[in-house]
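>>> Pasting the sequence and the predicted coordinates here, then a few questions.
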Amino acid sequence: MYRKIATILAVLYGIALAPVHAGPAMPKPLAAEKAPKSAPAVSFSDASGKHPLASYQGHYVLLNMWATWCVPCVQELPALAKLKDAVPKLTVLAVDMDRGQVDAAGFLKSHNVASLGSLRDTDVTLMRSFGAFALPTTVLIDPKGKVIAVANGPAEWASPDSITYFKSLTG
């Protein structure tokens, strides 16, 4: 009798120690910022003009800095497009850092990722402002405008774990 009660208490005690909600793990190579800081006041452009990053506040934003000449960048673009389609509440911004006269819209269309939109930063303000030293660099910004994670290098953005993580963030 006492043994049954002890077993029941042990099970109940163990359940009480378990986390109520342990969300999905952050996908690699995203690394959480120890002390999230406000995203810099920067903008990028498209055919319709300039767009301040701050205009996306209130949403989770995955900001990807890439260039047409960067092979790993180009290789991860399809995964970013798939993530954007799979998690519509996540704002995915793929911003081309090319300084040259590359037709970004045509480039994206030729790689079947035109859904990412032709966003540009020809003076590399984003890289300088975020302290990025290589491409691709991807920054996760929370709805309050805080940088909460950074990925240096390419990632499998469309993996099932990644999609699950971003869906858990955006609800």
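Arrived safely. These figures come from a predicted structure and were not determined experimentally.
>>> all contacts plus neighbour counts: C-alpha atoms, from now on.
Will do.
>>> Give me the residue at the spatial middle of the chain.
Leu62 (3.0 Å; Cα atoms, centre = their mean).
>>> Quick check: that residue is in a helix.
No. Looking at Leu62 with DSSP: H, G, I helix; E, B strand; the rest coil, it is strand, so not inside a helix.
>>> For it, list the residues it contacts.
Going by Cα atoms under 8 Å, 6 or more residues apart in numbering, Leu62 touches Leu90, Thr91, Val92, Leu93, Thr138, Val139, Leu140, Ile141.
>>> what's the answer for Gly58, then?
Asp142, Pro143, Lys144, Gly145.
>>> For the chain, just list every one of the strands.
31-38, 43-46, 49-52, 61-66, 91-96, 119-120, 137-141, 146-152 (DSSP state E).
>>> Which elements pack onto the fifth one?
Right, the one you point to is strand 91-96. strand 61-66, helix 71-86, strand 119-120 (3 or more Cα pairs under 8 Å, 6 or more residues apart in numbering; DSSP states H and E).
>>> Point out where the protein drops to low pLDDT.
1-22, 100-101 (pLDDT under 70).
>>> picking that back up, for the contacts of Gly58, please prepare JSON lines with the additional fields neighbour count and distance to Lys167.
Formatted as JSON lines, these follow (neighbours: other Cα atoms under 10 Å; distance: Cα to Cα, whole Å):
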{"residue": "Asp142", "neighbour count": "22", "distance to Lys167": "13"}
{"residue": "Pro143", "neighbour count": "15", "distance to Lys167": "14"}
{"residue": "Lys144", "neighbour count": "14", "distance to Lys167": "18"}
{"residue": "Gly145", "neighbour count": "23", "distance to Lys167": "19"}
